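> Structure for this input, please:
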Amino acid sequence: MQPQKSRPGAGTAYDNARSNDTPIDAVLHRLDRVKRTAPGKWIALCPAHDDRRPSLSIREADDGRVLLKCWSGCGAAEIVSALGLSLADLFPGDRRGLSDHGTGPMRRPFDYRDALQGIAHEATVARLIVEAVNRGEEMDAESLDRLALAEERIDDALRAAGGVQ
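Next comes the predicted model:
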């Protein structure tokens, strides 16, 4: 992880920017090697991993939100944590009352179809193994291991969907 900086080093494209009063300012001031690539778009070193070349894309949306994309795979939560910020700091306005408005904690979008497709596939694997045993075939170690993996994957999918605690 990169050491935290209060603002990018001298000579970066962010040196002549506004004061630290918006979400984009709060993010850009904490990054290293910030370079403007287009209006409202920058690249920088990702603070969530040992970045040697800038892999973090930063964009300011029309509504003032800050969008982060690490091309090495770091998540937004990891990035803002490494910056000493929270996900709420990526949004403009007064965030003190977000819990009062029913937004609750931010969660990664979840596609239930993916979970259901995974469960259906693993259920088919389990059915085929059970059918083989019903035909009198002996359950070998490989089939037993695959059945255990199917159970684990189904459990993971249910947990991801919020169905198992």
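
> what about the helices in the protein?
23-28, 76-82, 112-134, 141-160 (DSSP state H).

> Alpha carbons of the shortest one, as PDB, please.
Once side chains and other backbone atoms are set aside, the C-alpha atoms of helix 23-28 remain, and they are given as PDB (Å, rounded to 0.1, in the frame of the first residue of the first chain):
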ATOM      1  CA  PRO A  23     -15.600  15.000  -3.100                       C
ATOM      2  CA  ILE A  24     -13.300  15.100  -6.100                       C
ATOM      3  CA  ASP A  25     -11.000  17.500  -4.200                       C
ATOM      4  CA  ALA A  26     -10.900  15.200  -1.200                       C
ATOM      5  CA  VAL A  27      -9.900  12.300  -3.300                       C
ATOM      6  CA  LEU A  28      -7.400  14.000  -5.700                       C
END
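
> from the middle of its chain, how far away would that helix be?
Chain-centre distance of helix 23-28: 19 Å, with Cα atoms, centre = their mean, to the nearest Å.

> Then the longest one?
In terms of Cα atoms, centre = their mean, the gap separating the centre of helix 112-134 from the centre of its chain is 28 Å.

> which helices and strands sit right next to that helix?
helix 141-160 (3 or more Cβ pairs under 8 Å, 6 or more residues apart in numbering; DSSP states H and E). Every C-beta, even on glycine, is put in place using the N, C-alpha and C of the backbone.

> if we look at the helix it packs on, which residues are touching it?
Here helix 141-160 makes contact (Cβ atoms under 8 Å, 6 or more residues apart in numbering) with Phe110, Ala115, Leu116, Gly118, Ile119, Glu122, Ala123, Val125, Ala126, Ile129, Ala132, Val164.

> try 10 Å this time
The contact list for helix 141-160 (Cβ atoms under 10 Å, 6 or more residues apart in numbering) reads 108, 110, 112, 114-130, 132-133, 137, 139-140, 163-165.

> List the buried residues for that helix?
Ser143, Arg146, Leu147, Ala150, Ile154, Ala157 (16 or more other Cβ atoms under 10 Å).

> Then stretch 32-47?
Applying 16+ other Cβ under 10 Å to stretch 32-47 flags Asp32, Arg33, Val34, Trp42, Ile43, Ala44, Leu45, Cys46, Pro47 as buried.
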